[in-house]
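S.K.: From the sequence below, what's the structure:
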Amino acid sequence: MKSMIDQAFRRYGMTVTVEHGAETGETHGFVQPVTAVSGGEPFSVGPLGAADRRCWRYLGSAEVSVAQGDHILCEGKRYRVRRAESVKLGALVTHYWAVLDREEETA
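M.R.: Numbering: from 1, shown residues only. Just a heads-up that it's a prediction; the model follows:
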């Protein structure tokens, strides 16, 4: 089962770089915008100014682990991992999912 999931990420996924502190790892995955935003506007205004509520979803191979605070680089864009979880089949990690915030363009 895990090999089928890894094969799907390699075949259909994009090349993704995961930065964990000073370490980097390259894998395959998907970065997609989360389009459903409650309230209609992709931002909110509070006492400290406007806050961007847009976020992205990451699904990636189990080859490289992803944790909160890591950075993901994909197609010239940089994202910060807001929340991440491993997805398991029994005790075996099959892949990772994460919620991302967009940072600056990288090149």
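S.K.: now the strands: where do they sit in the chain?
M.R.: Taking DSSP state E as the criterion, the chain contains strands spanning 14-20, 23-34, 43-46, 49-52, 55-61, 71-74, 77-89, 92-105.
S.K.: can you tell which of those is closest to Ile5?
M.R.: Ile5 sits nearest to strand 92-105 of all the strands of the chain, at 5.1 Å, using Cβ to Cβ. All C-beta spots, glycine's among them, are computed from the backbone N, C-alpha and C.
S.K.: Can you tell me the strand partners of the closest one and which way each runs?
M.R.: Note on strand 92-105: by DSSP bridges, its sheet partners are strand 55-61 (antiparallel), strand 77-89 (antiparallel).
S.K.: and among those, the most buried is which?
M.R.: Among the strands paired with strand 92-105, strand 55-61 has the highest mean neighbour count (mean count of other Cβ atoms under 10 Å), at a mean of 20.
S.K.: got CSV for the strands of the chain, with mean pLDDT and distance to Asp6 too?
M.R.: As requested, these are exported to CSV (pLDDT from 0 to 100; distance: least, Cβ to Cβ, whole Å):
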stretch, mean pLDDT, distance to Asp6
strand 14-20, 96, 14
strand 23-34, 94, 8
strand 43-46, 53, 37
strand 49-52, 51, 33
strand 55-61, 94, 6
strand 71-74, 96, 18
strand 77-89, 95, 12
strand 92-105, 88, 8
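S.K.: Contact partners for Pro33?
M.R.: Arg54, Cys55, Trp56, Arg57 (Cβ atoms under 8 Å, 6 or more residues apart in numbering).
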